[in-house]
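**Student:** following is a predicted model, sequence given first.
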Amino acid sequence: MSASLSLHRLQQVDRQIDQVQTRLAAIHKTLENDAELRDALSLVDATKAEYQTAEHKLKQSEVDVQAQQIKIQQTDASLYGGSVHNPKELQDLQNDIASLKRHLSTLEERELDAMQRAETLETALKQAATDLELIQAKRGNEHRKLIDEQAALSKDLERLSSERQATVSAVEGQILKMYDSLRQQKRGIAVAEVSDNSCMACGTSLTASLQQNARSISNLAHCPSCGRILYAG
């Protein structure tokens, strides 16, 4: 694949990324200007994060309790299984079981606390979500559409970023630096297509030899007027 083709594809991705980022910034500004909605969104996000943390702690507490119960069952089996006859060993096992049960009580208390915390946050999250929906309803469908668009654009941006990374991997480092520099200088357009014997970016007529160079696999050609990289598909 020629360098100009790779850069042309990269520019197509970059232009899509620019468009998505510009739109996301506009949506963010619109939503941020609504203090009530902003606070409601922040509360939902914060409560959701707390709830997820509480859920994780609850699951870990359940695992700890289950593991402790298994230890007690195994020690019980050793005590009453008939394999141990030494009085001291039997006494040690009884002490171990007592200690394990005391710790089990502690773990069960932690599990109960974690369960109550998770339930409280689940209720709070549902309430926060309901409040947010009411605020969005007051704003009409406009903000709801904006939030849906924001979510869709964020997914598009993730996809485009992955696509850009894959495209960049095919471009030599120095050429990529030149491309990035031209993009900054030329308002985001570093690569210009050749059409009707001219540079589509600035309209300058191109010689036949320059157009041939623009089709080269190994070399890059530049517009003699605007300096952009030429791409002849």
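**Tutor:** Perfect, thanks for sending it.

**Student:** now the host helix or strand of I70, how far from the chain's geometric center?
**Tutor:** Using DSSP states H and E, I70 sits within helix 35-80. What separates the centre of helix 35-80 from the centre of its chain is 24 Å, taken as Cα atoms, centre = their mean, to the nearest Å.

**Student:** cool, and stretch 111-129?
**Tutor:** For stretch 111-129, the distance to the chain centre is 25 Å (Cα atoms, centre = their mean).

**Student:** buried stuff in it?
**Tutor:** When burial is assessed from 16 or more other Cβ atoms under 10 Å, stretch 111-129 yields the following buried residues: 111, 114, 117-118, 121, 124-125, 128. Backbone N, C-alpha and C define where each C-beta goes, glycine included.

**Student:** equivalent analysis for stretch 89-109, please.
**Tutor:** For stretch 89-109, burial by neighbour count (16+ other Cβ under 10 Å) applies to 93, 97, 100, 104, 107.

**Student:** ditto for stretch 20-40
**Tutor:** Neighbour counts over stretch 20-40 (16+ other Cβ under 10 Å) mark 20, 24, 27, 31, 37, 40 as buried.

**Student:** okay, now I229: neighbour count?
**Tutor:** 24 (other Cβ atoms under 10 Å).

**Student:** so it versus Q116, what's the distance?
**Tutor:** Look at I229 and Q116: by Cβ to Cβ, to the nearest Å, they are 63 Å apart.

**Student:** cool, and G203?
**Tutor:** Note on G203: its distance to Q116, by Cβ to Cβ, is 71 Å.

**Student:** cool, and P87?
**Tutor:** Using Cβ to Cβ, P87 is found at 44 Å from Q116.

**Student:** E109 too?
**Tutor:** Note on E109: its distance to Q116, by Cβ to Cβ, is 11 Å.

**Student:** and what of E32?
**Tutor:** Counting by Cβ to Cβ, the separation of E32 from Q116 is 35 Å.

**Student:** thanks a lot, see you next time.
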